[in-house]
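Student: curious how this folds, go ahead:
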Amino acid sequence: MSTLLVIGGTGFFGKSILDSFNRGALEQWGIERVIAMSRNAESLRKEAPQLISSGVELYSADITTTATLPAADIVIHAAASTDSARYLSRPLEEQRNIQAGIYNYCNLAKTFHAESKILYVSSGAVYGKQPEGMTHIPEEYAASDLSELPNGKRDYAIAKRDAEDAVKSLGQQGLSVSIARCFAFVGPWLPRNQHFAIGNFIEDGLQGKPITVKARKEVYRSYMYFDDLVEWLMTIALHASPECPVYNVGSDQAVLMGDLARLVANEFGVDARIPEITDADVDRYIPSINKVKRELGLTLRYDLSSAVRFTVRDIHRAI
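Tutor: I've put the predicted structure just below:
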């Protein structure tokens, strides 16, 4: 039986993993213990007490400064703020936090996790702006100039690129590492008061408000359900090696933001307010997942409609 360490254990990824663990979904990988590590891991007892079980250990430590790490068979490093407001208000500070967190971890991993399977949670942001005419970004795409990205997201992408390089260097030193370039997700633990469009739509629906789209250009996104996310992360982690395999993680089923608003509005029985398209620019952020399907045999078990329906169901159960 194995121990899983989640660095960033109180964020969306950490909570989703704990949710899966408590429902027995990690038994197929022999996980009998999960260590949730974050600066204030004890906050989970108040935020989400239903995620705390006998197999869960809370470990409070700052990954940017800690000098020790708990032993674990599998490590998922998912520590980083995803709140765009923080990157807009203090971009260099947030960029340096991500860099400091991975640099310190890589130094410690050689002592504490030399025999572990290590997965770093990166982002599709490392590709830069998706080129016009490219419907899905493959892993082999030569990342574009990040100057095309808006303020905040650019600093985040730079930090994630640096982090990937640091993780790959661990592989060159013989450690077993892997990278998941994550896109967009939906599930009951997704924040509903930040920059995640689907989270904000769901929160408006819960409040009985109309679902409102602000963009006046075509915006395409895709959303992976959190149960699929956890299965993919675990599988990629277990395929870690010194060669450091890199996989996109997300759905390849694109949805126009207006259609997403209608879908969520229908779930709650509220109106959808969608403005006329007046901007010729197209904003597309969709991964190719052909590599992970081909090499690891992973598939999407949930379509967007089911993912939204199950997310709303689980949120209602928790209220």
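Student: count of neighbours near Glu27?
Tutor: By the criterion of other CB atoms under 10 Å, Glu27 has 12 neighbours. Where C-beta positions appear, they are placed from N, C-alpha and C, glycine not excepted.
Student: how close does it get to Ile17?
Tutor: Going from Glu27 to Ile17 by CB to CB, to the nearest Å gives 13 Å.
Student: where along the stretch 51-200 of the chain do the strands fall?
Tutor: For the stretch 51-200 of the chain, the strands defined by DSSP state E, counting those that start in this stretch occupy 56-60, 74-77, 117-123, 176-182, 185-186.
Student: any chance of JSON lines for those, columns distance to Glu164 and mean neighbour count?
Tutor: Converted to JSON lines, the strands of the stretch 51-200 of the chain look like this (distance: least, CB to CB, whole Å; neighbours: other CB atoms under 10 Å):
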{"stretch": "strand 56-60", "distance to Glu164": "25", "mean neighbour count": "17"}
{"stretch": "strand 74-77", "distance to Glu164": "11", "mean neighbour count": "27"}
{"stretch": "strand 117-123", "distance to Glu164": "5", "mean neighbour count": "26"}
{"stretch": "strand 176-182", "distance to Glu164": "6", "mean neighbour count": "25"}
{"stretch": "strand 185-186", "distance to Glu164": "20", "mean neighbour count": "25"}
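Student: would you list those in JSON lines and tack on mean pLDDT and distance to Val249?
Tutor: Formatted as JSON lines, those follow (pLDDT from 0 to 100; distance: least, CB to CB, whole Å):
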{"stretch": "strand 56-60", "mean pLDDT": "98", "distance to Val249": "23"}
{"stretch": "strand 74-77", "mean pLDDT": "98", "distance to Val249": "12"}
{"stretch": "strand 117-123", "mean pLDDT": "98", "distance to Val249": "8"}
{"stretch": "strand 176-182", "mean pLDDT": "98", "distance to Val249": "5"}
{"stretch": "strand 185-186", "mean pLDDT": "98", "distance to Val249": "9"}
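Student: put together JSON lines for those strands, with distance to His239 on each row.
Tutor: Putting the strands of the stretch 51-200 of the chain into JSON lines (distance: least, CB to CB, whole Å) gives the following:
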{"stretch": "strand 56-60", "distance to His239": "25"}
{"stretch": "strand 74-77", "distance to His239": "11"}
{"stretch": "strand 117-123", "distance to His239": "8"}
{"stretch": "strand 176-182", "distance to His239": "6"}
{"stretch": "strand 185-186", "distance to His239": "21"}
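Student: contacts only, for the closest residue to Val246 other than its chain neighbours.
Tutor: Sequence neighbours aside, Ile179 is the residue nearest to Val246 in space, at 4.4 Å (criterion: CB to CB, 6 or more residues apart in numbering). Contacts for Ile179 (CB atoms under 8 Å, 6 or more residues apart in numbering) come out as 119-120, 122, 164, 167-168, 244-247.
Student: quick one: the helices in this structure?
Tutor: Using DSSP state H, the helices of the chain run over residues 12-22, 44-47, 84-89, 91-112, 153-172, 197-206, 226-238, 257-268, 290-296, 304-318.
Student: may I have the residues that are in contact with the most centrally placed residue in the chain?
Tutor: Nearest to the mean C-alpha position of the chain, by CA atoms, centre = their mean, lies Cys182 at 5.2 Å. For Cys182, the contact set (CB under 8 Å, 6+ apart) comprises 121-124, 229, 249-250.
Student: does Pro191 touch Gly199 like I think?
Tutor: Yes - Pro191 lies in contact with Gly199 (CB atoms under 8 Å); the separation is 5.5 Å.
Student: these two: which has the busier surroundings?
Tutor: Of the pair Pro191 and Gly199, Gly199 is the one with more neighbours under other CB under 10 Å, namely 20 against 14.
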